[in-house]
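Enquirer: just coords:
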């Protein structure tokens, strides 16, 4: 994408924040902190919503009860609250909204699930975007259908790769054998297979095109690399 096109896309995203600022003047300090990373997260959210729609899901936006009509960003990652802004997902093959999409959620890790001696600061990891069956609290690793990490950095490095691999390791075990993903099993078009248990999907979205040169090994573990540049 050329610089002019990117500038136009950035201006469109910025207009969303300006509208939010007008409706929620008390959040000016939070909005001042929402720099390029959050702008990129919003852009990736639009891509994920479009992708889920193309796979046959219908999505309904549920606004925050504290800020009706807006997508209120969290100041920091936390637990699921249905009073926060989110999307409900419906499959044409299932009744009801069994899956929800939230932003900036911490989940209880696979390692924590198998720990018998209490817990410490390693208990949870954050996902920028999550599709889950959970409706409250911190979702377990086995309640996640899709996790998304957004990397709005100028240079994609091996340190980021290690971070991504670590998050994936705490979401699912590598099985060595492909099986339908959780979203595929509830009727998603464009079926996907993952060698993971539980069979969650995991996307890493990034701006630096060099990120694509790190994709082959992680793809074995069910990590999709997406060069999504505004």
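Expert: The structure has been received and is ready for your questions. Just so you know, these numbers come straight off a predicted model, no measurement behind them.

Enquirer: okay, CA-based contacts and neighbour counts for the rest of this
Expert: OK.

Enquirer: let me know the outermost residue of the chain.
Expert: Distance from the C-alpha centroid of the chain peaks at residue 117, with 29.8 Å (Cα atoms, centre = their mean).

Enquirer: can you confirm it is in a strand?
Expert: No: Residue 117: not assigned to a strand; according to DSSP: H, G, I helix; E, B strand; the rest coil it is coil.

Enquirer: okay, buried residues for the helix or strand encompassing residue 166 please.
Expert: Element membership of residue 166, judged by DSSP states H and E, is helix 158-169. Under the neighbour-count criterion of 16 or more other Cα atoms under 10 Å, helix 158-169 has 164, 165, 167, 168, 169 buried.

Enquirer: let me have those in CSV, extended by pLDDT.
Expert: Shown next, in CSV, are those (pLDDT from 0 to 100):
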residue, pLDDT
164, 96
165, 97
167, 97
168, 97
169, 96
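
Enquirer: ok, back up a step: separation between the residue farthest from the centre of the chain and residue 101?
Expert: Residue 117 sits 32 Å away from residue 101, taking Cα to Cα, to the nearest Å as the criterion.

Enquirer: now for the helix holding residue 166, which elements pack on it?
Expert: Helix 158-169 is packed against no helix or strand, with contacts defined by 3 or more Cα pairs under 8 Å, 6 or more residues apart in numbering; DSSP states H and E.

Enquirer: other SSEs contacting whichever helix or strand comes after that helix?
Expert: Sequence-wise, the next helix or strand downstream of helix 158-169 (DSSP H and E) is strand 173-180. Secondary-structure packing of strand 173-180 (3+ Cα pairs under 8 Å, 6+ apart): strand 193-197.

Enquirer: how does it look with 10 Å?
Expert: Contact here means 3 or more Cα pairs under 10 Å, 6 or more residues apart in numbering; DSSP states H and E; on that basis strand 173-180 packs against strand 193-197, helix 216-220.

Enquirer: what's the average pLDDT for the first one?
Expert: Yep, that's strand 193-197 we're talking about. If you average the pLDDT over strand 193-197, you get 97.

Enquirer: parallel or antiparallel, which strands does the following helix or strand past it pair with?
Expert: Remark: after strand 193-197, the chain's next helix or strand is strand 201-206, criterion DSSP H and E. Partners of strand 201-206 in the sheet, by DSSP bridges, are strand 144-151 (parallel), strand 223-227 (parallel).

Enquirer: okay, the ones you listed, which one's buried deepest?
Expert: Highest mean neighbour count among the strands paired with strand 201-206 (mean count of other Cα atoms under 10 Å): strand 144-151, with a mean of 23.
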